[in-house]
Every structure is written in C-alpha cells, then in structure tokens.
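*Asks:* from the sequence below, what's the structure:
(one chain, ligands or ions: 1)
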Amino acid sequence: MTRATALRDGTGYTFPPAPGRLLGPWRLPEEPLPELPEVETLRRDLDSEVVGRKVKGVDVKAASAVRRHPSRADFTDRLLGRKVAEVGRRGSTLLLRLDDGAVLTIRLGASGRLLKERSAALVEQRTDAVITFATGGDLRVLGLGDDGELFVAAPGEEEAGPRARSAAIDPLTDAFTWQALNARLLARGARLRPLLTDESFLAGIGPIYADEILWASALRWDRRSDRLTAQEVRRLYRAIQEVVQEAVRLRGTSVGDDLHVDLYGNKGEYQSQLNAYQREGQPCQRCRTPLVREQLEQASTFHCPKCQS
Ligand SMILES: [Zn+2]
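*Replies:* Sure thing, here's the model as predicted:
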C-alpha cells in the first residue's frame, strides 16, 4: 500500500499527517512559538504559584540557558534571596519582576517548558535550570534550545533582549482596538497570513492562531491588508479577539512534537476547537468543502478554498 493510499479513508478526504510530524516545515522559523495563549496560560499559573515566594536556591544546569550573563554565578546571584513581586508578559516573553526591581526574563522558544515541582521530584534530563523557593517547591525550566533563554536584568537595565519588538500590539491588552488594527493594516499593505505572524505587527500570533483567525474571519490568507473593506477589518478584529480569548480560556493548544503543557504538566484543550490548522482534506465546518494546505515559502497555511475569500 502506498503512503498516499494509506492516508485516505472511504470518503476520499486525505487525512493530515499525525500531529506534529511535519510541524517544522509548516511554519516559518521566525513565527512565534509558543503562541500568545500558551504563554498567557503559563503567566496566569505563575501568577498564582510564585508571586510572594522567595528564591532559596538556583541551579543552572546548562550554561547556554543564561548565555547573556558573563557566568552562571552572575545569573544566580541576581536571583538568590529575592522575592517574586509580579508576573508579566511582553508578547511571548514572560517577565518576573523581583522585589528589588530586577526582572527575570523567560523566553521559552519553540520547545521550552516550565514546570512547578516538589523539590524532591526527579530532575528530568533536559532540565536547563531549577529555581527553588523557600516554600512552595521548584520552578523548573526545560528544553530551552537555541531560541530560548533566561536573563535577569538589573533594575533599569534593558531586559527585552535581541527579539524585542516594541511596535507590536498585544491582542489581550486595551491597546488592541479596531482603530489601531485598521491603521496598521493600511500602513503595511502585506498579505494577511504572513502579516499576522509578523512579531512587529501583532504579538504572539504564530501558525496555529493565524490560520484559525483567518478561517473565523472568512478571509483568504493572501488578501492584501490595505485593501480590506471596513466590514472585513471588523470581522478580522473580532476574530482575533475571539480566537485568542477562547484559546486562553481553554488553556492553549497542545499539538506537535514539543506540545504545550501548563505549569503542572497538563495539556491545553483548544486543539479540539481547531477549524483550520492541520485540517487539510477535512470538511470545512462552515461549508463542508475539504480544506487545503497552501505552501508559502517555508510555511504552510490551512484554509477553506470556498468560504474564505
Ligand atoms: Zn468553507
């Protein structure tokens, strides 16, 4: 039996490959992962678990995890004895403000994870750092890879790092208004799908939510952002809000090889709500037309060829 035959069922629809099999080629290297709902889920978990806790010990297992510091000791010294005052987020970057005004920046990259563990629990092999609190166990950082890192910025020091994009609007903030979106769409004049995942345009939208937003707004991936009608802009605006907020409510989407889990190791639930992403060949939930996958440079986009126009 050929692979193509094996992928077909009786209806003639081609099933998508097993989740995550081709995740690499389905996105551009610079598309944000994890995306905003997954990071916001972690931010909320951290907010309830580590605020007010005092750092008792820091064990950096991989020097590469703290590569912007001159040494592991420099990183450790900035954390020891400090309390976490507040947990914030800038796009996909987590920001833990400490009681002396320093900020612990956590960029997870495509494969990084955060776990809250009892200090006695076995330390997994791909653990990059363990932060132990005086009470309340450990915060463990795993699998940061090349695009993730930890950094403690001293008070007043620039904490954002090389990937800071001050121009991006975060769809979960009050700055994200219909007027702001409209002005940016007009100014850019770019195709919608690459624009949505551009981190200088919107914060934290990657391949999953970009495809879902375009499906929800019934707009084609290659529509030019400066040629949308006012009604289409409103549809897009509502879709961004609804998709992102619902994904946060369901604690993110867990698909792929390095699937998202929350601070306690539990998966999100938004994957059950996906209408477009990785649904090539499956019937559109609106019009029953089989969805298609379009290749754009190194990324792919999944959409309905009939009702997205
Ligand atoms: Zn459709």
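
*Asks:* which helix or strand in this protein has the lowest average pLDDT?
*Replies:* Using mean pLDDT, DSSP states H and E, helix 3-6 stands out as the lowest-scoring helix or strand of the chain, at a mean of 34.

*Asks:* which elements pack onto the very next helix or strand once past it?
*Replies:* Where DSSP states H and E defines the elements, the next helix or strand beyond helix 3-6 is helix 36-49. Helix 36-49 sits against strand 84-90, strand 93-98, strand 113-117, helix 230-249, with contacts defined as 3 or more Cβ pairs under 8 Å, 6 or more residues apart in numbering; DSSP states H and E. Using the backbone N, CA and C atoms, a C-beta is placed for each residue, glycine as well.

*Asks:* tell me the strands beside the shortest one, with direction?
*Replies:* This points to strand 113-117. Strand pairing for strand 113-117, using DSSP bridges, gives strand 138-142 (antiparallel).

*Asks:* so how far is Lys54 from the residue nearest the centre of the chain?
*Replies:* For the chain, Glu35 is the residue whose C-alpha lies nearest the centre (Cα atoms, centre = their mean; 1.4 Å). From Glu35 across to Lys54, the span is 32 Å (Cβ to Cβ, to the nearest Å).

*Asks:* and for Leu259?
*Replies:* Leu259 is 32 Å from Lys54, by Cβ to Cβ.

*Asks:* who has more neighbours out of those two?
*Replies:* Leu259 (19 against 15; other Cβ atoms under 10 Å).

*Asks:* wait, isn't the more buried one in contact with Tyr270?
*Replies:* No - contact criterion Cβ atoms under 8 Å: Leu259 and Tyr270 do not qualify, at 11.8 Å.

*Asks:* which bits of the protein sit near the ion?
*Replies:* 284, 286-287, 289, 304, 306-307 (Cβ under 5 Å from the ion).

*Asks:* cutoff 8 Å now
*Replies:* The chain comes close to the ion at residues 218, 284-289, 291, 304-308, as judged by Cβ under 8 Å from the ion.

*Asks:* taking those one by one, which sit in strands?
*Replies:* Within the residues of the chain next to the ion, no residue falls in strands by DSSP state E.

*Asks:* any of these buried? List them.
*Replies:* 218, 284, 291, 304, 308 (16 or more other Cβ atoms under 10 Å).

*Asks:* any idea how far Leu142 is from the third one?
*Replies:* As for Leu291, its distance to Leu142 is 34 Å (criterion: Cβ to Cβ).

*Asks:* and for the last one?
*Replies:* Between Gln308 and Leu142 the computed distance is 38 Å (Cβ to Cβ).

*Asks:* angles on the backbone of Asn182, please.
*Replies:* phi -60, psi -50 (degrees, to the nearest 10).

*Asks:* contacts only, for it.
*Replies:* Counting by Cβ atoms under 8 Å, 6 or more residues apart in numbering, Asn182 makes contact with 230, 233, 237.

*Asks:* can you pick the most crowded of the residues you listed?
*Replies:* Counting by other Cβ under 10 Å, top hit in the contacts of Asn182: Tyr237 with 21 neighbours.
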